[in-house]
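1. Take this sequence and fold it.
(one chain, ligands or ions: 1)
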Amino acid sequence: MATSIILAKNGFEVTVFEKNSHSGGRCGQILRDGHRFDIGATILLMPSIYRTVFESLGLNFDECFDLKDLSTIYKLYFGNGEQFTFSKDDAVMKPQLEAMEPGSFSKYKAYIETGYKFFRDSYENLLSRNFYTLFEFTTPGNMLMLIRLKTYLKHQTFIRKFFKNSNLQKVFTFQNIYVGQSPLKAPALFSMLPATELTEGALFPIGGMHRVAEKLESEAREAGVKFVFNKVVGKIETDRNCAKQLICTDGTTAQSDLIVVNADLPYAYRKLLPDRKLSAKLENKTYSCSAIVFHWGLSKAYPQFEHHSIFLSDEYHKSLDAIFNQHSLSQNPCFYIHAPVRTDSTAAPVNEDSVSVIVPVGHVNEKSPQDWEELKKLARTEVLKRLKDEGFNDLEQHIKFEICYTPMAWKSIFNVARGSVFGSIGHNIMQMGYFRPHNRHDRYRNLYFVGGSTHPGNGVPLVLLSAKLTSERIIKENS
Ligand SMILES: Cc1cc2nc3c(=O)[nH]c(=O)nc-3n(C[C@H](O)[C@H](O)[C@H](O)COP(=O)(O)OP(=O)(O)OC[C@H]3O[C@@H](n4cnc5c(N)ncnc54)[C@H](O)[C@@H]3O)c2cc1C
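-> Take a look at the predicted model:
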């Protein structure tokens with residue numbers, strides 16, 4: 001939708017075809033019996049990127065939403081009875097850090113400063129620019145940047161230079177899961193995730209993350225963009241080096257001079273385009289993990305939840321191994337809970353609660369299919385057991401209704417390849433920058449891509465940035 005706004009404002013006539021009945025995709029919402037849930041995205045990461053992209057749409061981000069700055073970014077539960085309040089406030093962080101590891105507060109400050117430098121550096125030199133050719137990407141300057149960003153070093157190795165306490169190491173590395181990668185394997189560059197949270201803060205738009213999508217849709221309509229919902233594109237018809245038209249599953253067609261695909265890129269290559277070889281190449285890439293998500297309408301309020309809560313497993317390595325190596329789920333998994341009511345009372349009826357539980361899990365493995373019903377049962381049982389252990393004794397009795405998304409649901413509802421909702425193409429350095437699937441098709445030169453699986457990457461801020469980059473490229477190449 002951000003792409004459609006920029007193009008419409010630059011004189012293009014734009015129509016959006018959406019398979020579902022509403023906009024937003026993985027940033028959509030569910031409304032039921034007075035309860036509201038964000039379907040996917042719940043954490044407004046990297047607000048500076050939202051501000052930049054909104055500015056390019058002619059909008060002031062901070063004026064578009066009623067934004068609440070969360071004083072506690074999240075509460076972490078380690079599984080051994082200990083907790084950690086993750087906050088921008090040094091007065092909150094210092095005593096906790098020093099109690100866990102004397103002398104760690106100054107290390108923490110150094111870690112966050114370095115991580116935020118990584119963010120600014122990678123934003124300026126890697127994330128916020130188009131790479132049109134390999135030569136443009138592999139300049140000596142960029143190679144130095146990749147060394148500066150410590151892309152050769154694992155985040156897990158990097159964090160050990162700052163903290164010895166294994167729980168503190170987890171506090172500042174688990175965020176790699178936001179982009180679907182293992183905290184044990186991700187490059188040190190991703191220390192930018194906790195660093196941006198602790199530097200730029202954690203905002204929440206009243207009304208939920210879907211407000212961002214709603215705002216974009218209304219702005220697009222104002223700019224003259226047409227929307228056609230419940231329209232599934234089944235094929236993109238091509239000739240030698242040109243995309244000709246969309247053929248929808250209901251038989252209707254739409255001709256266009258230029259096509260932008262926002263559906264997940266590996267899915268589009270596999271299902272909508274003819275080249276089997278190109279699609280097969282994408283199959284060999286590393287994919288991010290997936291998630292089993294439970295949305296629970298609760299008949300009781302649980303004020304003990306923070307807005308965001310992270311429940312880490314005390315069998316951390318085993319739980320990550322199950323997700324990233326076995327494409328499955330272990331007993332005693334890590335999970336995250338979004339409970340927006342304490343910030344935004346409109347998310348549930350009075351004295352009730354709306355919580356979403358996100359359990360990271362392996363992506364769909366076509367070669368050795370998983371039993372998702374069994375894994376869903378395991379996730380539910382383990383989450384409820386852990387919540388009981390953490391003092392949420394009667395929560396199960398107060399579940400009025402449950403809506404669950406498994407990796408197969410992500411695959412069928414939003415056409416996300418392998419249900420890899422945090423990617424789907426993973427974010428190792430060989431799949432970033434010029435090495436990430438390009439935002440213009442190499443053969444069909446009027447066919448562009450936008451979204452999480454093209455440059456620069458996944459998560460709402462980077463997806464918005466991809467809209468800015470792809471639009472800039474379209475305007476440059478089609479003026
Ligand atoms: C559980 C979960 C938690 C997340 N948490 C966060 C978070 O806290 N913060 C954050 O920033 N990000 C988060 N994300 C990631 C974020 O939601 C995604 O990065 C982002 O929404 C992806 O946007 P997109 O436009 O690339 O893809 P999508 O949102 O998937 O949009 C693609 C659209 O294309 C449509 N489509 C697909 N195929 C067709 C077709 N054939 N014809 C017509 N239409 C089609 C789909 O219906 C969809 O509307 C989370 C995601 C999930 C699932």
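2. for the ligand, what are the nearby residues on this protein?
-> Taking Cβ under 6 Å from any ligand atom as the contact definition, the chain meets the ligand at 17-20, 25-27, 40-43, 45, 232-233, 262-263, 291, 293, 358, 414-416, 421, 451-452, 458-461, 463. C-beta coordinates here come from the backbone N, C-alpha and C atoms, glycine included.
3. among those, which are in strands?
-> 17, 233, 291, 293, 358 (DSSP state E).
4. Distance-wise, check the first one relative to G234.
-> With distances defined as Cβ to Cβ, to the nearest Å, the gap from F17 to G234 amounts to 11 Å.
5. and the two? which has more neighbours close in?
-> Neighbours per residue (other Cβ atoms under 10 Å) separate F17 from G234, with F17 holding more: 19 against 13.
6. And the helices in the stretch 51-200 of the chain, which stretches?
-> 61-64, 90-100, 104-122, 134-137, 140-148, 155-160, 166-171, 192-200 (DSSP state H, counting those that start in this stretch).
7. Would you mark the buried spots in the second one?
-> Using 16 or more other Cβ atoms under 10 Å as the burial criterion, the residues of helix 90-100 that qualify are 92-93, 96-97, 100.
8. now swap in the longest one and tell me
-> Of the residues in helix 104-122, those buried under the neighbour-count criterion (16+ other Cβ under 10 Å) are 104-105, 107-109, 111-112, 114-116, 118-119, 121-122.
9. So, low pLDDT: which residues of the stretch 1-150 of the chain?
-> For the stretch 1-150 of the chain, not a single residue meets the criterion pLDDT under 70.
10. Quick check: ChimeraX command selecting the buried ones in the residues of the chain next to the ligand.
-> With 16+ other Cβ under 10 Å as the burial test, the buried ones among these are selected in ChimeraX as follows:
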select :17,18,19,25,26,27,40,41,42,43,45,233,262,263,291,293,358,414,415,416,421,451,452,458,459,460,461,463
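11. Now, the residues of the chain next to the ligand that are in helices?
-> 414, 460-461, 463 (DSSP state H).
12. now the residue of the chain found nearest the ligand: how far from L378?
-> Nearest residue of the chain to the ligand, counting by Cβ to the nearest ligand atom: G25, 2.2 Å away. G25 sits at a distance of 27 Å from L378 (criterion: Cβ to Cβ).
13. now swap in E283 and tell me
-> E283 sits 28 Å away from L378, going by Cβ to Cβ.
14. Could you export the ones in strands among the residues of the chain next to the ligand to TSV, including columns for distance to K277?
-> Compiled in TSV, these are given as follows (distance: Cβ to Cβ, whole Å):
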residue	distance to K277
F17	27
V233	22
A291	31
V293	35
I358	36
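15. Next, the residue nearest to T42 when sequence neighbours are not counted: phi, psi?
-> Nearest non-adjacent residue to T42, counting by Cβ to Cβ, 6 or more residues apart in numbering: H338, 4.2 Å away. H338 adopts backbone torsions of phi -100, psi 120, taken as degrees, to the nearest 10.
16. Could you do the one 10 residues further on as well?
-> Phi and psi for A348, reported as degrees, to the nearest 10, are phi -160, psi 160.
17. Please verify my assumption that it contacts A339.
-> No: contact criterion Cβ atoms under 8 Å: A348 and A339 do not qualify, at 9.3 Å.
18. Overlap in contacts, the two.
-> Each of S354 lies in contact with both A348 and A339 under the rule Cβ atoms under 8 Å, 6 or more residues apart in numbering.
19. in the stretch 151-300 of the chain, which spans are strands?
-> 203-205, 226-228, 233-239, 242-248, 253-255, 259-261, 290-298 (DSSP state E, counting those that start in this stretch).
20. will you turn those into CSV that also has mean pLDDT and distance to M143?
-> Listed next are the strands of the stretch 151-300 of the chain as CSV, based on pLDDT from 0 to 100; distance: least, Cβ to Cβ, whole Å:
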stretch, mean pLDDT, distance to M143
strand 203-205, 97, 35
strand 226-228, 98, 43
strand 233-239, 97, 36
strand 242-248, 97, 34
strand 253-255, 97, 43
strand 259-261, 98, 31
strand 290-298, 98, 33
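21. Could you export those as a markdown table, including distance to F86?
-> Output for the strands of the stretch 151-300 of the chain, formatted as a markdown table (distance: least, Cβ to Cβ, whole Å):
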| stretch | distance to F86 |
| --- | --- |
| strand 203-205 | 15 |
| strand 226-228 | 39 |
| strand 233-239 | 41 |
| strand 242-248 | 45 |
| strand 253-255 | 47 |
| strand 259-261 | 37 |
| strand 290-298 | 20 |
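22. And the closest residue to K170 other than its chain neighbours, how far from S56?
-> Leaving aside its chain neighbours, K170 sits nearest to L312 (5.6 Å; criterion: Cβ to Cβ, 6+ apart). Plainly put, L312 is 37 Å away from S56 if you go by Cβ to Cβ.
23. Tell me which of these two has more neighbours.
-> L312 (21 against 17).
24. how about stretch 398-418: buried residues?
-> Quick answer for stretch 398-418 (16+ other Cβ under 10 Å): 398-399, 403, 405-411, 413-418.
25. let me fix that: stretch 290-301
-> 290-298, 301.
26. With stretch 154-172 instead?
-> 154-156, 158-159, 162-163, 167-172.
27. Now the two most distant members of the residues you listed.
-> Farthest apart among the buried residues of stretch 154-172 by Cβ to Cβ are K154 and N167. That separation is 18.5 Å.
28. Which neighbours do F17 and G234 have in common?
-> Shared contacts of F17 and G234 (Cβ under 8 Å, 6+ apart): C248.
29. in the stretch 351-479 of the chain, which spans are helices?
-> Using DSSP H, counting those that start in this stretch, helices in the stretch 351-479 of the chain cover 372-389, 407-414, 460-478.
30. relative to strand 290-298, how tilted is the first one?
-> By that I understand helix 372-389. 60 degrees (axes from the mean of the first three to the mean of the last three Cα atoms, to 10 degrees).
31. F449 - how many residues pack around it?
-> Applying other Cβ under 10 Å, we find 23 other residues in the vicinity of F449.
32. what does E237 give?
-> For E237, using other Cβ under 10 Å, the count is 15.
33. how far away is it from D264?
-> Distance, E237 to D264, using Cβ to Cβ: 20 Å.
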